[in-house]
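Enquirer: my questions are about this predicted structure, shown below with the sequence.
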Amino acid sequence: MDLIGDLELMQELAKRGSFSAVGRDRGQAPSSVARRLDRLEAHVGERLFNRAPTGLFLTATGARKLRDACELTSAAAAFSERDEADGVLSGHIVVSAPSRLGDVCVTPIVMEFLKTHPAVSVDLHLTDSVQDLDRDQIDLTVRIGANAQDHHIIRRIANNHRLLVAAPQYLERHSESTCVEDLDTCDGLLLGNAPSWRLRGPDGRVHLAKPRVRVKCVSGDALLSMCVAGLGVALKSFWDVQGALKTGRLVTILPEWTQADPADIMIVMPDRRLVSATLLKFRDLLEARLKSLLSQPHSDWIA
């Protein structure tokens with residue numbers, strides 16, 4: 001019995017959710033994939049997946065066993081890696097991050113790591129969906145203000161400072177806000193379904209600003225484009241608007257007022273006892289680079 005191969009198959013089934021999809025990926029008949037799962041379940045002595053017309057779904061036992069499967073396959077991969085006594089890293093890691101943060105901050109760090117370690121390969125998932133680290137076989141993810149499960153390891157990197165910005169052409173057509181109460185008359189570009197901004201002032205006071213809602217959108221990229229185009233005021237992360245601030249396409253409004261609610265940027269990993277040296281090395285580099293970038297004083301971002 002190829003236990004490691006069977007555990008890899010279990011991870012694929014959890015991710016894809018059907019015998020047909022995994023069969024296509026592997027170039028095998030769905031019936032062959034199903035028989036192999038049957039043998040694994042017989043070996044375990046419990047059902048790992050519920051079969052339904054709409055697909056495969058992990059049982060409670062299957063969800064627990066999936067975490068073990070991820071740990072064992074990671075250990076097998078680490079065992080198969082080259083001896084790293086000479087400082088050469090190899091192997092494959094799977095990394096995910098929110099789309100915009102990934103584009104701006106994470107991708108350059110991945111590129112640096114790959115250039116330094118040519119024997120390493122990376123799957124980089126840039127998505128605004130919160131992925132399940134076990135089901136989707138993610139080795140490491142970067143998250144903004146999202147909770148993780150109890151069995152995950154969380155490393156806080158920095159606070160995600162957000163400030164109010166607008167384009168100069170918008171301010172030419174509208175009076176610039178001189179106090180936080182003036183925001184109630186501005187054109188707001190709001191992320192998601194929130195109808196307001198909770199802001200904290202220099203004295204610690206929290207104010208709920210309720211602008212005229214010009215646009216609601218779930219895409220941070222789209223809101224940034226609309227803001228640069230002069231359609232209104234947006235509450236954006238420092239790292240997201242640094243380029244536009246430096247070039248003058250955007251300016252800050254009431255810079256002493258920032259988002260009141262915390263939105264920490266974190267590195268999250270599954271709690272696996274055996275982690276490859278390649279993944280640990282990448283985590284350390286990612287943490288160091290993100291801390292250096294995101295912990296800079298605000299004035300340094302627009303200097």
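Expert: Ah, there it is. Numbering: from 1, shown residues only.
Enquirer: in the protein, which residue is closest to the centre?
Expert: Against the mean C-alpha coordinate of the chain, by CA atoms, centre = their mean, the closest residue is residue 97 at 2.7 Å.
Enquirer: what about residue 99, neighbour count?
Expert: Counted with other CB atoms under 10 Å, the neighbours of residue 99 add up to 15. Heads up, the C-betas are built off the backbone N, CA and C, glycines and all.
Enquirer: try residue 200
Expert: Neighbour number of residue 200 under other CB under 10 Å is 15.
Enquirer: got a list of what it touches?
Expert: 206-207, 257-260 (CB atoms under 8 Å, 6 or more residues apart in numbering).
Enquirer: what's the answer for residue 166, then?
Expert: With CB under 8 Å, 6+ apart, residue 166 has these contacts: 186, 227, 230, 232-234, 250-251, 253.
Enquirer: biggest strand in the protein, by residue count?
Expert: strand 251-259 (DSSP state E).
Enquirer: hmm, who's touching it?
Expert: Contacts of strand 251-259 (CB under 8 Å, 6+ apart): 161-168, 171, 176-177, 179-180, 183, 197-202, 207, 233, 235, 245, 298, 302.
Enquirer: and residue 29, its phi and psi?
Expert: The phi/psi pair for residue 29 (degrees, to the nearest 10) reads phi -70, psi 140.
Enquirer: do the same with residue 260
Expert: phi -80, psi -30.
Enquirer: and for it, the neighbour number?
Expert: Neighbour number of residue 260 under other CB under 10 Å is 16.
Enquirer: same check, this time on residue 227
Expert: A total of 24 residues lie near residue 227 under the criterion other CB under 10 Å.
Enquirer: thinking again about what came up before, which pair of the contacts of residue 166 spans the longest distance?
Expert: 186 and 250 (14.3 Å; CB to CB).
Enquirer: mind pulling up the pLDDT for residue 108?
Expert: Note on residue 108: pLDDT of 95.
Enquirer: domains of this structure?
Expert: Per the record, the chain has its domains at 3-79, 83-159+264-301, 162-259, by automatic domain parsing.
Enquirer: least confident of the ones you listed, on average?
Expert: Of all the domains of the chain, domain 83-159+264-301 has the smallest average pLDDT, which comes to a mean of 82.
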